[in-house]
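Engineer: pasting the sequence and the predicted coordinates here, then a few questions.
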Amino acid sequence: MNNLVSFAFSGYFVGLIQSSGFWLKLTGSYVVYQISYSLLFDPLSHIPGPWWSRFTAIPYHFKLTDGTIDYYSAAIHKKYGSVVRVGPMKVSVARQKDVKLVFSSYKYAKSKLYQNQNLIKINMVTTADEHFNKIRRKQIGPAFTQTGLDSVEDLVLEVGIKALKDKLDKGIAANGGVFTFNYSLMFQSIAADVIGELAFGKNFGCMQNDNKTIIKYAKNFITLSILYSIFPQLMKIPLLFKRLRKDFNSLMDLTLVSIQQRRKEIKDNSYNPSRIDILQIFLDATNPDGTKISQDELSSELSLMLLAGIDTTSITLTWVLHFYTLYPEVYQKVLDEINTHFPDRSKLIKYKEAQKKLEYFMATVHESMRLKPAFCGVLPRYSSEAGIQLSEYYIPPNIEMFLVMEGANHDESLWYSPKKFIPERFLGHKNNHLSKEILTFSSGVRICPGRNLAWMEILTVLPNFVRDYDIKLLSDSIYKPEILDPSRENEPQLFKDFSFGTRGVYNCEKVCNINVSHLNPSSPDPNF
Ligand code: HEM
């Protein structure tokens with residue numbers, strides 16, 4: 001039937017080419033074809049969605065690039081339900097148990113949007129190939145095990161909380177006891193310097209020297225990747241995005257320099273072999289056929305570590321602190337807990353102790369991650385050769401499914417008052433398993449392998465920071481505990497954010513500024 005329709009149309013087209021108004025007729029015919037096809041054959045006709053989604057995905061694709069996909073996804077799912085058609089052969093999926101089911105198996109492969117960009121060799125993140133992904137995950141595994149992380153904890157402390165404290169102490173001293181700083185940008189510098197040390201073998205100096213070059217490279221690489229994956233035709237126009245491409249090339253050069261430098265250090269015996277870092281793990285890794293990872297593949301893996309590890313971690317830290325500034329009673333409880341378990345300020349709080357002792361603090365981070373997942377927007381997967389049952393809908397084979405991270409984390413069937421910030425929901429024996437239902441690190445077979453490193457940064461930076469400094473919102477801050485948001489059951493208004501791979505904060509340069517001063521050890525003052 002399908003062939004018959006195509007044949008009839010191709011005969012019609014030959015006649016058209018010879019006639020006047022050819023292009024007009026061609027467009028008209030295409031529209032007629034699409035309408036007839038979608039009425040007769042649309043495999044998603046049983047899935048609700050906006051009218052245009054039967055004919056085109058263009059409006060949805062624009063939403064993927066204009067920063068509003070989270071808001072848009074929330075709106076269409078509220079209107080049409082947990083599965084929504086967003087284009088021919090495309091659906092959006094928001095129910096937590098459906099998203100988790102898709103994440104659970106390699107059968108539901110990453111869609112071609114991950115591979116479209118062709119900028120770099122396929123790597124652990126972009127591949128849809130189960131075998132290849134398993135090999136890479138096995139190779140990189142040791143960097144994120146307990147032993148691997150223990151071997152780099154001192155380094156993470158050095159470029160993380162110690163560097164932050166140094167910066168703040170100098171700022172406070174130079175500014176008469178109160179220092180205004182942008183915590184989001186500061187956290188970004190920490191996350192970048194950590195990845196610099198672990199994946200590039202060097203401190204990028206983002207914190208120490210205020211050198212943000214690498215952050216710019218990473219940002220421009222993400223922009224280029226997203227634009228090329230959604231609109232691959234743009235790759236054919238070399239004059240477009242010259243600046244972004246230049247930064248991308250500089251980043252690739254940097255990966256090569258780092259690899260050469262480490263090889264030199266090994267040769268000179270100046271490399272400390274007890275340090276199990278990402279760069280070394282990749283250099284030592286052997287493929288099943290006995291070969292080593294090629295130079296291009298190394299560059300690809302390392303550059304992706306930069307993208308995967310900077311904004312995700314710094315945005316998570318940013319949101320936790322934002323919530324503390326808006327919920328003083330929560331912040332007070334966090335302080336009390338930290339001061340009870342770690343009263344000696346001469347010693348830094350370390351990762352494992354914090355994880356063991358700071359139950360309430362952990363609950364605040366989980367709740368912040370649930371409400372505002374750093375890796376936001378949608379993750380695209382295919383429905384497999386056999387299709388998949390999602391809630392009440394059967395999704396036919398080879399449909400592109402966009403999994404809504406925020407939708408899953410705000411699913412009312414799992415979370416009561418999902419828009420509210422309630423860390424207590426994770427407390428107690430009966431509830432602490434709930435943290436496993438948060439999908440912020442994804443779940444299943446492609447779950448984030450770097451999550452323990454991210455936790456190490458979170459658990460060392462935040463408790464040490466809030467224990468040692470008094471933080472106050474600026475007097476002209478537009479986000480304060482008393483400014484309420486009716487759409488969040490009159491909870492405090494949150495930063496306006498946008499999604500572009502990760503979750504950005506609008507006007508971050510201004511709204512993420514706070515005042516810090518040294519805390520009087522005897523009287524912590526959490527009143528903002
Ligand atoms: C709070 C911080 C982080 C969050 C919220 C986060 C979140 C995620 C999410 C949602 C995915 C799945 C992406 C997808 O399926 O398309 C992912 C994958 C990944 N993450 Fe993270 N991530 C974080 C930190 C890190 C760090 C620090 C690293 C490493 C340095 C890292 C490395 C990776 C890698 C390599 C993958 C791809 C895994 C695969 O596809 O098999 N992440 N992460």
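Structural biologist: Perfect, thanks for sending it.
Engineer: show the contacting residues for the residue in the chain positioned nearest to the ligand.
Structural biologist: Going by C-beta to the nearest ligand atom, the ligand is nearest to Gly450 of the chain, at 2.1 Å. Heads up, the C-betas are built off the backbone N, CA and C, glycines and all. Contact analysis of Gly450 by C-beta atoms under 8 Å, 6 or more residues apart in numbering lists Phe144, Met305, Ala308, Gly309.
Engineer: just checking, the first one touches Asn452?
Structural biologist: The reference is to Phe144. Yes. Here Phe144 reaches Asn452: they are 5.2 Å apart, a contact under C-beta atoms under 8 Å.
Engineer: so which of those two has more stuff around it?
Structural biologist: Between Phe144 and Asn452, counting by other C-beta atoms under 10 Å, Phe144 is the more crowded of the two (20 against 17).
Engineer: now do stretch 425-439: distance from first to last residue.
Structural biologist: Stretch 425-439 has an end-to-end distance of 16 Å (C-alpha to C-alpha, to the nearest Å).
Engineer: now, among the contacts of Gly450, which is nearest to Ile514?
Structural biologist: Ile514 has its nearest neighbour among those in Gly309, at 24.3 Å by C-beta to C-beta.
Engineer: assumed that closest one was part of a helix.
Structural biologist: Yes. Judged by DSSP: H, G, I helix; E, B strand; the rest coil, Gly309 forms part of a helix.
Engineer: for it, give its distance to Asn249.
Structural biologist: Remark: distance between Gly309 and Asn249 (C-beta to C-beta, to the nearest Å) = 21 Å.
Engineer: between the two, which one's more packed in?
Structural biologist: Neighbours around Gly309 and Asn249, counted as other C-beta under 10 Å, are more numerous at Gly309. The numbers are 24 against 11.
Engineer: list the contacts for that one?
Structural biologist: Listed by C-beta under 8 Å, 6+ apart, the contact set of Gly309 reads Ala191, Val194, Ile195, Ala199, Gly450, Leu453, Ala454.
Engineer: need the max-distance pair from the residues you listed.
Structural biologist: Among the contacts of Gly309, Ala199 and Ala454 lie farthest apart (C-beta to C-beta), at 13.7 Å.
Engineer: how about the residues of the stretch 1-150 of the chain near the ligand?
Structural biologist: Met124, Val125, Asn133, Arg137 (C-beta under 6 Å from any ligand atom).
Engineer: tabulate those residues in TSV, adding columns for pLDDT, secondary structure and neighbour count.
Structural biologist: Conversion of these to TSV gives the following (pLDDT from 0 to 100; DSSP: H, G, I helix; E, B strand; the rest coil; neighbours: other C-beta atoms under 10 Å):
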residue	pLDDT	secondary structure	neighbour count
Met124	95	coil	22
Val125	94	coil	18
Asn133	98	helix	21
Arg137	97	helix	15
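Engineer: how about the residues of the stretch 401-528 of the chain by the ligand?
Structural biologist: Thr440, Phe441, Ser442, Arg446, Cys448, Pro449, Gly450, Leu453, Ala454.
Engineer: so, low pLDDT: which residues of the stretch 251-400 of the chain?
Structural biologist: Applying pLDDT under 70 to the stretch 251-400 of the chain flags no residue at all.
Engineer: mind listing the strands for it?
Structural biologist: Secondary structure of the stretch 251-400 of the chain, counting by DSSP state E, counting those that start in this stretch: strands at 378-382, 388-390, 393-395, 400-404.
Engineer: could those strands be laid out in CSV, adding mean neighbour count?
Structural biologist: Shown next, in CSV, are the strands of the stretch 251-400 of the chain (neighbours: other C-beta atoms under 10 Å):
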stretch, mean neighbour count
strand 378-382, 23
strand 388-390, 18
strand 393-395, 19
strand 400-404, 25
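Engineer: could you dump these to JSON lines with distance to Leu26?
Structural biologist: As requested, the strands of the stretch 251-400 of the chain are arranged in JSON lines below (distance: least, C-beta to C-beta, whole Å):
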{"stretch": "strand 378-382", "distance to Leu26": "31"}
{"stretch": "strand 388-390", "distance to Leu26": "37"}
{"stretch": "strand 393-395", "distance to Leu26": "33"}
{"stretch": "strand 400-404", "distance to Leu26": "27"}
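Engineer: now the strands for the protein?
Structural biologist: 83-87, 90-93, 179-182, 378-382, 388-390, 393-395, 400-404, 469-473, 484-485, 491-492, 497-500, 502-505, 513-518 (DSSP state E).
Engineer: JSON lines for these, including distance to Asp210?
Structural biologist: Formatted as JSON lines, these follow (distance: least, C-beta to C-beta, whole Å):
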{"stretch": "strand 83-87", "distance to Asp210": "42"}
{"stretch": "strand 90-93", "distance to Asp210": "41"}
{"stretch": "strand 179-182", "distance to Asp210": "12"}
{"stretch": "strand 378-382", "distance to Asp210": "34"}
{"stretch": "strand 388-390", "distance to Asp210": "48"}
{"stretch": "strand 393-395", "distance to Asp210": "49"}
{"stretch": "strand 400-404", "distance to Asp210": "37"}
{"stretch": "strand 469-473", "distance to Asp210": "20"}
{"stretch": "strand 484-485", "distance to Asp210": "34"}
{"stretch": "strand 491-492", "distance to Asp210": "31"}
{"stretch": "strand 497-500", "distance to Asp210": "24"}
{"stretch": "strand 502-505", "distance to Asp210": "20"}
{"stretch": "strand 513-518", "distance to Asp210": "16"}
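Engineer: show me what contacts the closest residue to Arg467 other than its chain neighbours?
Structural biologist: Distance criterion C-beta to C-beta, 6 or more residues apart in numbering; nearest residue to Arg467, sequence neighbours excluded, is Ile338 at 4.9 Å. By C-beta under 8 Å, 6+ apart, the contact set of Ile338 is Ile349, Leu358, Phe361, Pro463, Val466, Arg467.
Engineer: restricted to buried residues, select these in ChimeraX.
Structural biologist: Restricted to buried positions by 16 or more other C-beta atoms under 10 Å, the ChimeraX selection for the contacts of Ile338 reads:
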select :349,358,361,463,466,467
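Engineer: list the residues that contact Thr369.
Structural biologist: Quick fix: residue 369 reads Met, not Thr. With C-beta under 8 Å, 6+ apart, Met369 has these contacts: Thr316, Trp319, Ile438, Thr440.
Engineer: let me see the contact set for Ala163.
Structural biologist: Neighbours of Ala163 in contact, by C-beta under 8 Å, 6+ apart: Ile190, Asp193, Met207, Gln208.
Engineer: if we go to 6 Å?
Structural biologist: Taking C-beta atoms under 6 Å, 6 or more residues apart in numbering, we find Ala163 in contact with Met207.
Engineer: next: Ala374.
Structural biologist: Thr312, Ile315, Thr316, Thr502, Arg503.
Engineer: can you rerun that using 10 Å?
Structural biologist: 311-319, 368, 405, 440-441, 454, 501-503 (C-beta atoms under 10 Å, 6 or more residues apart in numbering).
Engineer: now Cys376
Structural biologist: 69-70, 73, 312, 315, 404-406, 409, 440, 497-504.
Engineer: for it, give its distance to His322.
Structural biologist: Relative to His322, and taking C-beta to C-beta, Cys376 is found at 15 Å.
Engineer: likewise Leu371?
Structural biologist: 10 Å.
Engineer: okay, and the common contacts of the two?
Structural biologist: Leu494.
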